[in-house]
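Trainee: okay, sequence plus prediction incoming.
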Number of protein chains: 2
Amino acid sequence: MPTDTPQPAFVLVRPQMGENIGASARAMWNFGLDRMRLVAPRDGWPNPKAVAMSSGAGRLLDEAQHVKTVAEAVADSHFVLATTARPRGLTKPVYTPERAMELAREKIAAGQKVAVLFGPERAGMENEDIAHASAIVSVPVNPEFASLNLAQCVLLMAYEWGRQSLDAVPETVELAGGDWANGQEIEALARHYEDRLEEAGFFFPDHKAPGMKINLRNLWSRMPLTRADVQMLHGILRQMVRWKNRTD
Amino acid sequence: MPTDTPQPAFVLVRPQMGENIGASARAMWNFGLDRMRLVAPRDGWPNPKAVAMSSGAGRLLDEAQHVKTVAEAVADSHFVLATTARPRGLTKPVYTPERAMELAREKIAAGQKVAVLFGPERAGMENEDIAHASAIVSVPVNPEFASLNLAQCVLLMAYEWGRQSLDAVPETVELAGGDWANGQEIEALARHYEDRLEEAGFFFPDHKAPGMKINLRNLWSRMPLTRADVQMLHGILRQMVRWKNRTD
């Protein structure tokens, strides 16, 4: 069963290699998309090479709609985007993937159905395919070198879809060491270092000592230290003192 | 000749298949990136399979820096991002590709050098590789299905770099202490502490030593250290050793 998440359908138009169909399914499912449609795949359907390449995303192939024409593939769609690198001599808006997926979200949120067309590997889509589209999506590649293959193009569009839905996800810091140290713990650390280093004769010459102490304290308070970090830094200093005493 | 455009270096860490190195070069060059570094590729270097797969982007392979260790690969870098899907038990900021490339742009605009690490195909990076990084980048894939391969991950990061416009105004951090420390300086600091603390008997008991060393290294690479901070941290350690020797 497809997921319930409202999403665009990705339509592969006359794809040639089964491997690319399987790789496209994987690319889609990486970003939670599972509505694939296939228009007249060259080697017929189902295709064992597509299945072999789709491992883990085979469900998308089982559930893919298999149709003969682009017109059928987009029959239920209100907004159709055609991905193509080349200018086509057709009057259409041309969007970046970012803008295209923003529009797709808006349309879908308003209850419309959206389809994204991807052309055959070598030749790309014909103008009569593109004529079914509301707009063109063009990935802004290096003008000296544009070599995206079918599954890569699917991957970038799926990524854009996923990226925008994750806008609200906050940045996280992976905390293996437990909690962040609080001000009191940082203060104790600063005092420990200051006291031992005073004994050790670190703050020298005298007239530079106040500035050195401020710099050291500023270092500890500026650093994003966890409690585990603070413990390690205490431990380092204690061990250095033990080492000193051991050799007395 | 590499392009003049300031940009991050993409570092492939112990890549296995030559084909993936070639495909990564193509993925980079699609978005105008041409600084590749290779750490200990499994099948040696140069690799004819990489060349065969790189067609049109072969220059990136010719010019790629080939080194033995992650430390060498990031020696000139001030800000190092590690792409990894899995939580690692290391305390580091975790960014989306979008946020990571925003930060990369800001750092580069401020004159810093940035490197992005990509792990080997199957196993991904080891914690000791990731310990060289300032932060983690994690592509927000479907939690039920994460199957991005090496070249796809490179493609998404390169796309993110290209997607973001160059005229974004960089935020900068006010630097009273002079320049930021680079990877080589952080490495020297990490080695200094590791060596002295080894002598001092800090890494005890033996079976915990490797984990303690990784945590310590991770601490240095995670901290936003200036050159002045690094000098102070060296100075602290040297003074503790002097103190110890003085009382012999």
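Mentor: Received it, and whenever you're ready, just let me know what you need. Numbering: from 1, shown residues only, chains lettered A, B, ... in the order given.

Trainee: tabulate the CA atom coordinates of the longest helix anywhere in chain A in CSV.
Mentor: Secondary structure of chain A per DSSP state H: the longest helix is helix A:227-246. Taking C-alpha atoms only, helix A:227-246 is exported to CSV below (Å, rounded to 0.1, in the frame of the first residue of the first chain):
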residue,chain,number,x,y,z
ARG,A,227,29.8,17.5,31.3
ALA,A,228,31.9,14.6,30.0
ASP,A,229,34.3,17.1,28.3
VAL,A,230,34.6,18.9,31.6
GLN,A,231,35.4,15.7,33.5
MET,A,232,38.0,14.8,30.9
LEU,A,233,39.6,18.2,31.2
HIS,A,234,39.7,17.9,35.0
GLY,A,235,41.1,14.4,34.6
ILE,A,236,43.9,15.6,32.3
LEU,A,237,45.0,18.2,34.8
ARG,A,238,44.8,15.9,37.8
GLN,A,239,46.8,13.3,36.0
MET,A,240,49.5,15.8,35.1
VAL,A,241,49.8,16.7,38.8
ARG,A,242,49.9,13.0,39.8
TRP,A,243,52.7,12.5,37.2
LYS,A,244,54.6,15.4,38.7
ASN,A,245,54.2,14.1,42.3
ARG,A,246,55.1,10.5,41.3
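
Trainee: by average pLDDT, which secondary structure element in chain A comes out worst?
Mentor: Between all helices and strands in chain A, the lowest mean by mean pLDDT, DSSP states H and E belongs to strand A:172-174, at a mean of 59.

Trainee: now the helix or strand that that strand is followed by: buried residues?
Mentor: Counting by DSSP states H and E, the element after strand A:172-174 in chain order, helix or strand, is helix A:183-200. For helix A:183-200, burial by neighbour count (16 or more other C-beta atoms under 10 Å in any protein chain shown) applies to A:185-186, A:189-190, A:192-194, A:196-197, A:200. Just so you know, the C-beta spots here come from the backbone N, C-alpha and C atoms, and that holds for glycine as well.

Trainee: and stretch A:5-21, average pLDDT?
Mentor: On average, the pLDDT along stretch A:5-21 is 96.

Trainee: list just the nearest of the buried residues of helix A:183-200 to chain B.
Mentor: residue A:200 (3.9 Å; C-beta to the nearest C-beta).

Trainee: how close does that closest one sit to residue A:229?
Mentor: With distances taken as C-beta to C-beta, to the nearest Å, residue A:200 is found 22 Å from residue A:229.

Trainee: report the two of the buried residues of helix A:183-200 separated the most.
Mentor: A:185 and A:200 (22.4 Å; C-beta to C-beta).

Trainee: residue A:221 reaches residue A:185, doesn't it?
Mentor: No - here residue A:221 lies out of contact with residue A:185, judged by C-beta atoms under 8 Å, at a distance of 11.1 Å.

Trainee: what ranges does chain A have for its strands?
Mentor: Secondary structure of chain A (DSSP state E): strands located at A:9-13, A:36-39, A:65-67, A:79-83, A:94-95, A:114-118, A:135-137, A:172-174.

Trainee: least confident of those strands, on average?
Mentor: strand A:172-174 (a mean of 59).

Trainee: spatially nearest residue to residue A:21 (excluding sequence neighbours)?
Mentor: If the residues on either side of it in the chain are set aside, residue A:21 comes closest to residue A:50, at 4.0 Å by C-beta to C-beta, 6 or more residues apart in numbering or on different chains.

Trainee: swap in residue A:244?
Mentor: Residue A:244's closest residue in space is residue B:244 (C-beta to C-beta, 6+ apart), at 3.7 Å.

Trainee: local confidence estimate at the one you found?
Mentor: So residue B:244 comes in at 88 (pLDDT).

Trainee: for residue A:225, give me its contacts.
Mentor: By C-beta atoms under 8 Å, 6 or more residues apart in numbering or on different chains, the residues touching residue A:225 are A:180-181, A:186, A:189, A:233.

Trainee: thinking again about what came up before, tell me how far the longest helix of chain A lies from the chain's centre.
Mentor: Centroid separation for helix A:227-246 versus its chain: 41 Å, with C-alpha atoms, centre = their mean, to the nearest Å.

Trainee: give me the angle between that helix and helix B:183-200.
Mentor: Orientation check (axes from the mean of the first three to the mean of the last three C-alpha atoms, to 10 degrees): helix A:227-246 against helix B:183-200 gives 50 degrees.

Trainee: ok, and for helix A:227-246, which residues are buried?
Mentor: A:228-233, A:236-237, A:239-241, A:243-244.

Trainee: could you list the domains of chain A?
Mentor: Following automatic domain parsing, chain A resolves into domains at A:9-165, A:183-247.

Trainee: out of those domains, nearest to residue B:137?
Mentor: domain A:9-165 (12.9 Å).

Trainee: span of that closest one from start to end?
Mentor: 16 Å (C-alpha to C-alpha, to the nearest Å).

Trainee: so where's chain A uncertain?
Mentor: In the predicted model of chain A, residues A:1, A:86-90, A:166-178, A:247-248 satisfy pLDDT under 70.

Trainee: go again using 80 as the cut-off
Mentor: Within chain A, the stretches with pLDDT under 80 are A:1-3, A:85-92, A:165-183, A:218, A:221-222, A:224, A:247-248.

Trainee: got the contact list for stretch A:76-89?
Mentor: Contacts for stretch A:76-89 (C-beta under 8 Å, 6+ apart): A:8-9, A:74, A:92, A:95, A:100, A:103-104, A:107, A:112-119, A:124-125, A:127, A:129-130, A:132-139, A:141, A:146, A:148, A:153, A:157.

Trainee: stretch A:140-157 near chain B at all?
Mentor: Yes - shown here: stretch A:140-157 in contact with chain B (C-beta under 8 Å from any C-beta of the partner chain) through A:140-142, A:145-148, A:152, A:155-156.

Trainee: next: stretch A:91-103.
Mentor: Yes - counting by C-beta under 8 Å from any C-beta, contacts between stretch A:91-103 and chain B involve A:96-98.

Trainee: would you list these in TSV and tack on neighbour count and distance to residue B:16?
Mentor: Shown next, in TSV, are the residues of stretch A:91-103 next to chain B (neighbours: other C-beta atoms under 10 Å in any protein chain shown; distance: C-beta to C-beta, whole Å):
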residue	neighbour count	distance to residue B:16
A:96	14	34
A:97	24	30
A:98	15	33
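
Trainee: which members of those residues are positioned in helices?
Mentor: A:97-98.

Trainee: how close does residue A:6 sit to residue B:162?
Mentor: In terms of C-beta to C-beta, residue A:6 sits 28 Å off from residue B:162.

Trainee: with neighbour numbers in mind, choose between these two.
Mentor: residue B:162 (18 against 12; other C-beta atoms under 10 Å in any protein chain shown).

Trainee: what's near enough to touch the residue nearest to residue A:202 when sequence neighbours are not counted?
Mentor: Excluding the flanking residues, the one nearest residue A:202 by C-beta to C-beta, 6+ apart is residue B:239, at 4.3 Å. Going by C-beta under 8 Å, 6+ apart, residue B:239 touches A:197, A:200-202.

Trainee: farthest pair in these?
Mentor: The two members of the contacts of residue B:239 with the most space between them (C-beta to C-beta) are A:197 and A:201, at 8.1 Å.
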